[in-house]
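Novice: here's my sequence, what's the structure:
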Amino acid sequence: MGRLGERAAGPAKVIGNRQSDLIYFWILFNLFALGMLVLDLLVFHRRHRVVRSREALAWSALWIVLAAAFASLIFFWKGRQVALEFITGYVLELSLSVDNLFLFLVIFRYFSVPEQHQRTVLFWGILGALLMRGLFILAGVGLIQRFHWVLYAFGALLIYSGILLGLSGEHKVDPAMNPAVKAVRRLLPVTDDYQGGRFFVRGWKGKPGLYATPLLVVLAVIETTDLLFAVDSIPAILAVTLNAFIVYTSNVFAILGLRSMYFAVSGLMKVFRFLHTGLALVLVLVGLKMITSDHFPVPTFVTLGVVAGVLAVAVIASLVFPDKKQR
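Specialist: The predicted structure is shown next:
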């Protein structure tokens with residue numbers, strides 16, 4: 001009986017060790033992501049200044065290199081298939097995040113945010129996005145594993161979003177109608193102008209009390225807008241894998257590189273006129289993959305090839321057939 005008990009306890013012990021190892025990886029990865037954000041904002045970019053395109057391109061390249069290094073780590077830790085799932089998820093999330101760049105540009109222009117303060121808003125906006133998407137991912141994976149029909153609902157949502165994006169040409173946003181703007185103004189008085197890079201000030205124009213600045217209003221709009229994008233991006237990557245750690249890490253790498261990418265290509269985003277069409281097609285194809293996965297499973301490497309191919313064609317078509325206003 002003693003030997004039999006030891007044998008029975010063996011597999012349970014192995015499973016327990018694997019779960020504890022995975023918890024350590026979750027903790028270490030989040031510490032790494034938070035450390036990189038703090039290093040970026042407080043060490044390399046301590047002063048409020050305009051981020052130059054060359055500097056932003058260097059940071060964007062660094063994030064891509066870090067994602068590639070993490071994919072290599074996943075390859076040696078979990079094998080080729082899981083590493084391929086991470087790469088596919090990363091490319092998919094990075095491509096869908098391009099739409100965020102367009103909206104960031106619209107929001108910053110609408111509120112006339114000084115360029116030297118845009119980096120601060122994006123830092124806190126991305127930090128909030130990481131927390132929200134982490135909760136979305138855990139909830140989405142749990143729902144699909146418990147209720148299989150949710151997979152079809154997510155697939156239908158992606159197809160609907162893709163068709164809507166394809167017909168409209170872009171995601172529409174009206175910052176003035178954002179409920180976050182009304183909520184902030186209802187909770188706190190807001191100053192008429194920006195107060196440096198601060199979100200709050202004590203006293204304004206000789207009046208005591210706590211005041212919010214327009215920068216806090218912009219941050220609220222950024223956060224609520226990203227919440228809408230998570231509704232598209234999280235189901236899209238769940239079509240690739242249900243491994244919560246892979247879904248989360250690929251999302252984090254895509255989001256962390258988003259801030260540098262904004263400053264690197266903010267002046268060039270309008271050049272890629274067919275990019276929205278490509279993203280719309282990607283959403284529709286991923287939604288179809290999700291719905292038909294039980295009967296027609298598509299290998300991960302095929303999904304990666306299709307996503308990369310569609311985006312490449314969209315970019316090349318934008319360069320070959322530029323808009324007359326951009327020519």
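Novice: I'd say residue 155 and residue 291 touch.
Specialist: Yes: counting by C-beta atoms under 8 Å, residue 155 does reach residue 291; the two are 3.8 Å apart. (C-beta placed from N, C-alpha, C; glycine too.)
Novice: these two: who's more crowded?
Specialist: Per other C-beta atoms under 10 Å, whichever of residue 155 and residue 291 has more neighbours is residue 155, with 22 against 19.
Novice: what's the more buried one in contact with, if anything?
Specialist: 235, 239, 287-291 (C-beta atoms under 8 Å, 6 or more residues apart in numbering).
Novice: from those residues, which is closest to residue 159?
Specialist: When the contacts of residue 155 are ranked by distance to residue 159 (C-beta to C-beta), residue 287 comes first, at 3.8 Å.
Novice: what's the closest non-adjacent residue to the closest one?
Specialist: Setting aside the residues directly before and after it, residue 287 is nearest to residue 158 in space (C-beta to C-beta, 6 or more residues apart in numbering), at 3.2 Å.
Novice: looks like that neighbour contacts residue 289 (just checking).
Specialist: No: the criterion here is C-beta under 8 Å, and residue 158 misses it with residue 289 at 9.1 Å.
Novice: which neighbours do the two share?
Specialist: residue 239.
Novice: quick one, which of these two is more surrounded?
Specialist: Neighbour totals were compared for residue 158 and residue 289, and residue 158 leads with 27 against 20 (other C-beta under 10 Å).
Novice: and the next element down the chain from whichever helix or strand residue 31 is part of?
Specialist: Residue 31 belongs to helix 2-38 when assigned by DSSP states H and E. On the C-terminal side of helix 2-38, the nearest following helix or strand under DSSP H and E is helix 53-78.
Novice: average pLDDT for that following helix?
Specialist: Across helix 53-78, the average pLDDT comes to 85.
Novice: helices and strands around that helix, which ones?
Specialist: helix 80-110, helix 244-256, helix 258-265 (3 or more C-beta pairs under 8 Å, 6 or more residues apart in numbering; DSSP states H and E).
Novice: nearest to residue 314, out of those?
Specialist: Set against residue 314 and scored by C-beta to C-beta, the helices and strands packed on helix 53-78 come closest in helix 80-110, at 9.4 Å.
Novice: pull out the buried residues from that closest one.
Specialist: For helix 80-110, a neighbour-count test (16 or more other C-beta atoms under 10 Å) marks 82-108 as buried.
Novice: could you dump the helices and strands packed on helix 53-78 into a markdown table with distance to residue 321 added?
Specialist: Shown next, in a markdown table, are the helices and strands packed on helix 53-78 (distance: least, C-beta to C-beta, whole Å):
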| stretch | distance to residue 321 |
| --- | --- |
| helix 80-110 | 19 |
| helix 244-256 | 28 |
| helix 258-265 | 19 |
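Novice: surely residue 88 touches residue 303?
Specialist: Yes: if you go by C-beta under 8 Å, residue 88 and residue 303 touch, sitting 5.5 Å apart.
Novice: please enumerate the shared neighbours of these two.
Specialist: The contact sets of residue 88 and residue 303 overlap at residue 240 (C-beta under 8 Å, 6+ apart).
Novice: give me the low-pLDDT residue ranges for the stretch 101-250 of the chain?
Specialist: Within the stretch 101-250 of the chain, the ranges that satisfy pLDDT under 70 run 102, 168-178, 206, 228-229, 232.
Novice: ok, now which ones touch the residue nearest the centre of the chain?
Specialist: The centre of the chain sits closest to residue 255, judged by C-alpha atoms, centre = their mean, with a distance of 4.0 Å. Contacts here follow C-beta under 8 Å, 6+ apart; on that basis residue 255 touches 93, 97, 126, 129-130, 133.
Novice: cool, residue 248 as well?
Specialist: Shown in contact with residue 248 (C-beta under 8 Å, 6+ apart): 133-134, 137.
Novice: mind doing that once more with 6 Å?
Specialist: residue 137 (C-beta atoms under 6 Å, 6 or more residues apart in numbering).
Novice: and if you look at the one 5 residues further on?
Specialist: Residues near residue 253 by C-beta under 6 Å, 6+ apart: 67, 90.
Novice: now swap in the one 4 residues further on and tell me
Specialist: Counting by C-beta under 6 Å, 6+ apart, residue 257 makes contact with 60, 63.
Novice: wait, is the residue nearest to residue 287 part of a helix?
Specialist: Yes: counting by DSSP: H, G, I helix; E, B strand; the rest coil, residue 158 is found in a helix.
Novice: ok, residue 244 touching residue 141?
Specialist: Yes: assessed by C-beta atoms under 6 Å, residue 244 is found in contact with residue 141 at 4.7 Å.
Novice: between the helices and strands packed on helix 53-78, which one is closest to residue 33.
Specialist: Closest to residue 33 of these, according to C-beta to C-beta: helix 244-256, at 5.3 Å.
Novice: give me the contact list for stretch 88-100.
Specialist: Outside stretch 88-100, the residues that reach it (C-beta under 6 Å, 6+ apart) are 67, 171, 229, 233, 236-237, 240, 250-251, 253-254, 258, 300, 303-304, 307, 311.
Novice: secondary structure class for residue 227?
Specialist: helix.
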